[in-house]
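>>> Sequence and predicted structure, then a few things I'm wondering about:
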Amino acid sequence: MAPAIYSATRRQLSLAYQEFAGPEQLSPEEHRTWEAARAATEFSYAPYSHFHVGAALLLADGSLFQGTNQENAAYPSGLCAERTALFGLAGSRPTPPRLVGMAVAGRPAAGAFGAALPCGACRQVMLEYELRQGAPIWLLLPSVQGTVLRFERLADLLPFHFSAEDLPPRA
Ligand code: THU
């Protein structure tokens, strides 16, 4: 019997982002957010991983809101810095100002700042807040190579994402 012929359309995704040699090349607002993420690592509670992560949110009124990873002896009960920041802000005010930008920083307990790339669960949560406000949030991440990556919107970090649109209509 002749083999079945399968055909598929080959598609490709491309992702545009900026790469800066260092934070001194960022705009003043971006630089402030970057520094706030680094400073936040001081408040991290990471006695198990010894990896101190900080996240900073720049709000439309110019203020900054920080978050850090908070670990727990029951490991899965801990939370990443990105979600601590977003939940902390959204969970503590009726209508926080719009989110303009976000930066993440990470360093070992005894060591220099290195790469800090958000985990999948954080990307999903980050996306929700961008969709919720209907306006893009830029993101600054320290790369493995020591450069600064700048993304125009959080959705860029999670292609083929799940969102409220994928839920069935409410009865
Ligand atoms: N962590 C973050 O806070 N953000 C990330 O983007 C990656 C990982 C934390 C979770 C945990 O406390 C530690 O880093 C090691 O995984």
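In hand now; what should we look at?
>>> Contact residues of this structure facing the ligand?
46, 49, 51, 53, 69, 71, 78, 80-82, 116, 118-119, 122 (Cβ under 6 Å from any ligand atom). (Each C-beta comes from the backbone N, C-alpha and C, glycine too.)
>>> hang on, V104 is in a strand, isn't it?
Yes - using DSSP: H, G, I helix; E, B strand; the rest coil, the assignment for V104 is a strand.
>>> Test my guess that it contacts A37.
Yes - between V104 and A37 there is a contact at 5.6 Å, judged by Cβ atoms under 8 Å.
>>> Need the overlap of contacts for these two.
Applying Cβ atoms under 8 Å, 6 or more residues apart in numbering, one finds that V104 and A37 are jointly contacted by G54, A55, L140.
>>> closest to the ligand among these?
Nearest to the ligand among those: A55, at 7.4 Å, using Cβ to the nearest ligand atom.
>>> Assign that closest one to helix, strand or coil.
Secondary structure, three-state DSSP: A55 is strand.
>>> That one and V104 touch, don't they?
Yes - shown here, A55 and V104 form a contact pair, counting by Cβ under 8 Å, at 5.1 Å.
>>> all strands for the chain, in order.
18-20, 51-59, 64-68, 99-108, 138-142, 148-151 (DSSP state E).
>>> Make a markdown table from those strands and add mean neighbour count and distance to L127 to it.
What follows is the strands of the chain, written out as a markdown table (neighbours: other Cβ atoms under 10 Å; distance: least, Cβ to Cβ, whole Å):
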| stretch | mean neighbour count | distance to L127 |
| --- | --- | --- |
| strand 18-20 | 14 | 20 |
| strand 51-59 | 24 | 14 |
| strand 64-68 | 23 | 17 |
| strand 99-108 | 24 | 12 |
| strand 138-142 | 23 | 11 |
| strand 148-151 | 19 | 12 |
